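A.B. asks: Provided below for reference: sequence and predicted model.
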Amino acid sequence: MSVLPLLNWLQNTGWATALKESALVFPFIEGSHILALSFSVGMVMMLDLRLLRVSFRSQPVALMMEQLMPWTMSGFGIMLLTGFLLFATQAVKAWGNTFFRIKMILLILSGINALYYQLRYFPKMAEWDRAGTPLGVRAIAVLSLIFWIGVIACGRTMAYEL
Amino acid sequence: MFEMSKNVTFQGTVVEYNWENPHTHIIVRVPESAGKETAGTWDIEGGAVNIMAKQGWTKTTFKPGDPITVVGHPMKDGSKGASLFYVILPGGKRLYHDIARPNADGSAPPPSQP
């Protein structure tokens, strides 16, 4: 079964068409998508750098995570919503775009990476937080940085391929 | 991407007029009789909806089947695409892409190349 009929339906819905043809709402959503990056990916990167002991070294990871998470999650929510709206305006084209596909794969990998951290290292954080981050955690932080830089690079590049 | 110093005139029929963000696209079919350089189906790329609207374009400026005379800067790689410079409407009025605004007195910008 092909997803193309579904994507075709999506981009031809009244709201997707209106968005595609709007003078101001479209750039507003584009801008919000980018602004939300600073609250989601920006915070994630700060946390990754903390795990690598590059930034905020005197701060416990647990404290940073607790305080950054609400920002990260709200930013991610806005990014997901605005990203979906932008996708909907040219769903078929985007679906066929190589960089869009790489971006989606990197997003999934990034999700798996974060999930693995939550399951494997988060429960035992008290054990390693002050002592120094385990090698596995550092590897996760490096992967997270690579995945997110890749997501942003692909997101930017796909616009030149559409 | 585009050979900006080169202007090519495409005379044909509108196949699709896609008034949309992030860029409008006009798909133009140019008949064989127009000659080797321009014959074929071309994707003429314009600006975003708000940019085009400021130049006087609307959703209904063209529709499929309309005759069209459009000047654009062709793709460097030779593929059948061009960056919109301006169109000449039936009355002789020109509608420009934002990056090629007419002069303040409404006259055409200096021609770069025939």
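C.D. replies: Okay, I see it.
A.B. asks: need the contact list for the closest residue to chain B within chain A.
C.D. replies: Using C-beta to the nearest C-beta, the closest approach of chain A to chain B is made by A:Ala23 at 3.7 Å. Backbone N, C-alpha and C define where each C-beta goes, glycine included. Listed by C-beta atoms under 8 Å, 6 or more residues apart in numbering or on different chains, the contact set of A:Ala23 reads B:Val49, B:Asn50, B:Ala53.
A.B. asks: what sits against the residue most central in space within chain B?
C.D. replies: Centroid-nearest residue in chain B: B:Leu84, 3.7 Å away (criterion: C-alpha atoms, centre = their mean). B:Leu84 sits next to B:Thr24, B:Ile26, B:Ile44, B:Glu45, B:Gly46, B:Gly47, B:Val70, B:Gly72, B:His97 when contact means C-beta under 8 Å, 6+ apart.
A.B. asks: which positions in chain A make contact with chain B?
C.D. replies: Proximity of chain A to chain B (C-beta under 8 Å from any C-beta of the partner chain) is limited to residues A:19-24, A:26-27, A:30, A:89-90, A:159, A:162.
A.B. asks: redo those residues as a markdown table? Include distance to A:Thr82, pLDDT and secondary structure.
C.D. replies: As requested, the residues of chain A next to chain B are arranged in a markdown table below (distance: C-beta to C-beta, whole Å; pLDDT from 0 to 100; DSSP: H, G, I helix; E, B strand; the rest coil):
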| residue | distance to A:Thr82 | pLDDT | secondary structure |
| --- | --- | --- | --- |
| A:Leu19 | 11 | 95 | helix |
| A:Lys20 | 14 | 93 | helix |
| A:Glu21 | 18 | 92 | helix |
| A:Ser22 | 14 | 92 | coil |
| A:Ala23 | 17 | 88 | coil |
| A:Leu24 | 15 | 91 | coil |
| A:Phe26 | 11 | 95 | helix |
| A:Pro27 | 12 | 93 | helix |
| A:Glu30 | 8 | 95 | helix |
| A:Thr89 | 11 | 95 | helix |
| A:Gln90 | 14 | 92 | coil |
| A:Ala159 | 15 | 84 | coil |
| A:Leu162 | 17 | 57 | coil |
